[in-house]
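Engineer: I'll drop the sequence and a predicted model, then ask my questions.
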Amino acid sequence: MQNNNWFTEKCSECGTAFSLEIESKLHEEQTPFQNIEIYATRTFGNLMVIDGFVMLTERDNFIYHEMLSHPVLFSHAQPINVLIVGGGDCGTLREVAKHHCVKNITQVEIDQRVTELSKQYFPELCDSNHDPRVDLIFDDAIEWIKNAATNSLDVIIVDSTDPIGPAKGLFSTPFYQDCARILKDDGLIIQQSESPLIHLESIIQPMQQCMKTAGFNYIQLMHFPVASYPTGWWTATMASKKSATHFLRESETRNIEFSTLFYNHAIHNACFATPEFVKSKLND
């Protein structure tokens, strides 16, 4: 919603709204999958909006992209083959590519225009698009995963939009069953899982139940702030088929060999702490 040079995303679930003062609209188009808008804001840099929802801003996207990438990669003993589902803005891809132990990165995004617009308006997120380890595929990730080889991946990162429209199937038991099949026995999956303040019962609990039904026996909720998302408190859910620690390579997190703006050893340890009200709900 635009009013007097402000973009506002209303969140009816929590009775709140988040607004950014805009300087201009840079782009808008309807793709075969969704409506995409790009704005220049006064204080948060460029803003990408999909179907009326804030996807990212230049100012705070680094928190989301780092937290969706580094905790899971440092939690795996030797991540070599990584799949990114969605992630069309390529910010998560850029963070994954910082890990030299990763040899193959496949990103499957359904809407090519998201990536093309990211190259134009968020070029810093696309620094690793031409990395020789990267294979960018524009296709339906649900179908792609159904045809992927069994036991072929170490880590799956599901960088999806909210569970509506094209992303709805990414929060289902059949999808997680396919992910479990193509992950190796020690493989890990991580997926953004919305805000615990407003989505704990509507999204997080059902999502974790679907994961358990699909064969993921170890499930851990991560917490981190994203100012431009509803409530400012966001989560990602990490899961594995085998019970495993989320902190396998502690020494490397203490001496990270690449630059980050948010993630570090202390953040890794703290983000897995579970608030009491969340713990009580998830243990019901």
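Structural biologist: Here it is on my side, so go on.
Engineer: Touching, Ser172 and Thr213? I think so.
Structural biologist: No. Contact status for Ser172 versus Thr213: not in contact, 10.0 Å apart, counting by C-beta atoms under 8 Å. Bear in mind the C-beta positions are built from the backbone N, C-alpha and C, glycine included.
Engineer: Tell me which of these two has more neighbours.
Structural biologist: Legend: neighbour count by other C-beta atoms under 10 Å for Ser172 and Thr213, higher for Ser172 (17 against 13).
Engineer: list the contacts for that one?
Structural biologist: With contact set as C-beta atoms under 8 Å, 6 or more residues apart in numbering, Ser172 has these partners: Cys210.
Engineer: Contacts for stretch 206-213 next, please.
Structural biologist: 171-173, 176, 189, 191, 193, 219, 221, 237, 239, 282.
Engineer: Could I get the buried residue list for it?
Structural biologist: Of the residues in stretch 206-213, those scored as buried under the neighbour-count criterion (16 or more other C-beta atoms under 10 Å) are 207-208, 210-211.
Engineer: any idea which of the residues you listed is closest to Gly52?
Structural biologist: Proximity of the buried residues of stretch 206-213 to Gly52 was ranked by C-beta to C-beta; the top entry is Met207 with 22.4 Å.
Engineer: Would you format the contacts of stretch 206-213 as CSV with distance to Ser75, pLDDT and secondary structure included?
Structural biologist: CSV is the format used below for those (distance: C-beta to C-beta, whole Å; pLDDT from 0 to 100; DSSP: H, G, I helix; E, B strand; the rest coil):
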residue, distance to Ser75, pLDDT, secondary structure
Phe171, 22, 84, helix
Ser172, 24, 91, coil
Thr173, 23, 94, helix
Tyr176, 18, 96, helix
Ile189, 11, 97, strand
Gln191, 14, 96, strand
Ser193, 16, 95, coil
Ile219, 13, 94, strand
Leu221, 14, 95, strand
Thr237, 13, 96, strand
Ala239, 11, 96, strand
Leu282, 19, 83, helix
